[in-house]
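1. What follows is a predicted protein model with its sequence.
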Amino acid sequence: MFPPLLTAEFGGVFLLFLLFAVGAPLVLWSLIDLESEGERTEHGDWESAERAARRDTSDDDRY
């Protein structure tokens, strides 16, 4: 009686697709935010971030 696109199987596939379409970006956003938060607590201000960046290089390599 119903058209083939309105079957229960299609509804389940559509719901699964919708869940992934909404859930995947939220999970990625959460992971990026978690990583960013760790960097903010490690380097709370500009000066400490500069000191950390300078520790990665030596003065002899500049010339």
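-> Okay, I see it.

2. Okay, helices next: where are they in the chain?
-> 8-42, 46-55 (DSSP state H).

3. Mean pLDDT and mean neighbour count for those - can I get that in a markdown table?
-> (C-beta placed from N, C-alpha, C; glycine too.) Formatted as a markdown table, the helices of the chain follow (pLDDT from 0 to 100; neighbours: other CB atoms under 10 Å):
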| stretch | mean pLDDT | mean neighbour count |
| --- | --- | --- |
| helix 8-42 | 85 | 10 |
| helix 46-55 | 78 | 10 |
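
4. what sits against residue 37?
-> Not one residue lies near residue 37 by CB atoms under 8 Å, 6 or more residues apart in numbering.

5. Residue 19 and residue 29: what is the separation?
-> 16 Å (CB to CB, to the nearest Å).

6. repeat for residue 23
-> Applying CB to CB to residue 23 and residue 29 gives a distance of 11 Å.

7. got it, and residue 10?
-> Taken as CB to CB, the span from residue 10 to residue 29 is 29 Å.

8. and if you look at residue 11?
-> Counting by CB to CB, the gap from residue 11 to residue 29 is 28 Å.

9. ok, now residue 55?
-> 31 Å.

10. What of residue 36?
-> The separation that residue 36 has from residue 29, given CB to CB, amounts to 10 Å.

11. Equivalent analysis for residue 18, please.
-> For residue 18 relative to residue 29 (CB to CB), the value is 17 Å.

12. same deal with residue 48?
-> Residue 48 is 26 Å from residue 29, by CB to CB.

13. for residue 54, same thing?
-> The value you get for residue 54 to residue 29, if CB to CB is used, is 32 Å.

14. Show the contacting residues for residue 14.
-> Per CB under 8 Å, 6+ apart, neighbours of residue 14: none.

15. Just the pLDDT for residue 63.
-> Residue 63 is assigned a pLDDT of 50 by the prediction.

16. Tell me the residues that contact both of residue 23 and residue 29, please.
-> What both residue 23 and residue 29 touch, as defined by CB under 8 Å, 6+ apart, is an empty set.

17. Fine by me, thanks again.
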